[in-house]
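Peer 1: structure for the following, please:
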Amino acid sequence: MVTFSAAKRSHGGKRHVGRANAGLPPRGPLPRGARPRRPLPRPPLAAVIAPPLLRAYAMRPVHKVFMMVKEPRMGAVKTRLGRQIGAVAATWFYRHATLSTLRRLRRDPRFEVGLAMTPDARIATRAWPAGMERVNQGEGDLGARMARVLRHPSAAPCGGRALRRAPVGLRVVIGSDIPAITPRAVVDALTQLGAHRAVFGPADDGGFWLVGLAVLGAPERPFDEVPWSAPDTLAACIARFQPGTVALAATINDVDEPDEYHRHRNLMVTRM
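Peer 2: Residues are numbered from 1 along each chain as shown. Got it, this is the predicted structure:
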C-alpha cells in the first residue's frame, strides 16, 4: 500500500506537507493503490455548546404555581353565585374562567403551573388540560389541604418535563375561579416570597387569592383554627406569623356577584 509520503515523492517531488498535516489527501491524482485519508469529522457545534447550557438550565430552580381546582360539576362549584344566576351558568363560568386563567399563566416561562385536585378520586378527569402535574388536595378543611399542597414532596416539574431534575424553587397556591389573575401578579408574589416567610394575595372580602410559604421559618401548621369564608380570614392567617415576616401581593377579587359575572363572562366570550 502506498502511503501519503510515498505519494508525495511520486508526484514529481512535490511536497504537500500542509495538506498532509491537516489530514487531507494531496492535490492531483493518487498513485494506484493509494487510499486517501479522510479528515477527522468536526464535533457538532451543539455538542460543544449545549452541555454547559443544559447544565445551567437543569440547575435553574423551578418555581411552581398550583391552582386549587374542583371537578366542574353542577352543585359542587360556585354555589354562592349559582344561587343567583343558576347552577348551569355558574358551572360554565367556573370551568371556562379556570381554563382561561390556566392558558394565560402557562404561557409565562418564569414558573410552571400545576393542578391541585379535589376530589382525589377524580384526579384524572379530562375536564382540565393534559400534560400538567396533578396532585391530590387530600382530606380536611381548606387550610389543611392548602398546607398539604404547599409541602407536597413533588420532584417532577409541571408540564410533563420529568427528565429535568431541577432544584425545587418557590411554591404558591392560587384560587381557580379568579379570572383577573395575571402572570405579573404571580411573579410579583413569588419575588416577595423570596424575602419573607409567607406571602398572601388579599381580596376585598377579607380572604385571599394566593398564598405561599417559605421552605424554612413558616409555622408547621399555619392555617389551624382559621375561620374560612369570613371577613377576617386573611387577618387570622397573618396573625399566626411573626410581625414583619409576611408580604402582601396585589389585591384581586373572585367572582361571586352577578355584575362581576356578566363583566368577566363578556370578556371571556370576546376572547374565545
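Peer 1: would you agree T118 is in contact with M146?
Peer 2: No: using C-beta atoms under 8 Å, T118 makes no contact with M146, being 11.3 Å away. To be clear about C-beta, it is placed using only N, CA and C from the backbone, and glycine gets the same treatment.
Peer 1: what about F93, distance to P72?
Peer 2: Counting by C-beta to C-beta, to the nearest Å, the separation of F93 from P72 is 10 Å.
Peer 1: who's more crowded, the two?
Peer 2: F93 (24 against 21; other C-beta atoms under 10 Å).
Peer 1: which ones are touching that one?
Peer 2: 78, 81, 177, 255, 261, 264-265 (C-beta atoms under 8 Å, 6 or more residues apart in numbering).
Peer 1: quick one: which of the residues you listed is most hemmed in?
Peer 2: Neighbour counts for the contacts of F93 (other C-beta under 10 Å) peak at K78, which has 27 neighbours.
Peer 1: and the gap between it and A147?
Peer 2: K78 is 24 Å from A147, by C-beta to C-beta.
Peer 1: now do the helices in this structure.
Peer 2: 4-10, 17-21, 45-58, 79-85, 87-106, 142-150, 183-193, 233-238, 258-271 (DSSP state H).
Peer 1: among those, which gets the worst mean confidence?
Peer 2: The minimum mean pLDDT among those belongs to helix 4-10 (a mean of 44).
Peer 1: overlap of the contact sets of T118 and M146?
Peer 2: With C-beta under 8 Å, 6+ apart as the test, T118 and M146 both reach M68.
Peer 1: more crowded one of the two?
Peer 2: M146 (21 against 17).
Peer 1: show me the contacts for the closest residue to that one other than its chain neighbours.
Peer 2: By the measure of C-beta to C-beta, 6 or more residues apart in numbering, the closest residue to M146 outside its immediate chain neighbours is V173, 5.3 Å from it. Applying C-beta under 8 Å, 6+ apart to V173 gives the contacts 65-68, 116, 146, 149-150, 210-212.
Peer 1: same deal with A203?
Peer 2: A203 touches 209, 234, 251-254, counting by C-beta under 8 Å, 6+ apart.
Peer 1: rebuild the contacts of F93 as TSV, extending it with distance to V199.
Peer 2: Converted to TSV, those look like this (distance: C-beta to C-beta, whole Å):
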residue	distance to V199
K78	26
L81	27
D177	20
V255	23
Y261	28
H264	25
R265	30
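Peer 1: tell me the one of the residues you listed nearest A87?
Peer 2: Distance to A87 across the contacts of F93 (C-beta to C-beta) is lowest for K78, with 8.4 Å.
Peer 1: pLDDT at the closest one, what is it?
Peer 2: K78 is given a pLDDT of 91.
Peer 1: swap in L24?
Peer 2: So L24 comes in at 53 (pLDDT).
Peer 1: give me the below-cutoff pLDDT ranges for the stretch 151-272 of the chain.
Peer 2: Under the criterion pLDDT under 70, the flagged ranges of the stretch 151-272 of the chain are 154-168, 267-272.
Peer 1: the top strand by length along the chain vs helix 142-150, what angle?
Peer 2: Counting residues, the longest strand in the chain under DSSP state E turns out to be strand 62-70. In terms of direction (axes from the mean of the first three to the mean of the last three C-alpha atoms, to 10 degrees), strand 62-70 departs from helix 142-150 by 140 degrees.
Peer 1: picking up where we left off before, which ones among the contacts of A203 lie within strands?
Peer 2: W209.
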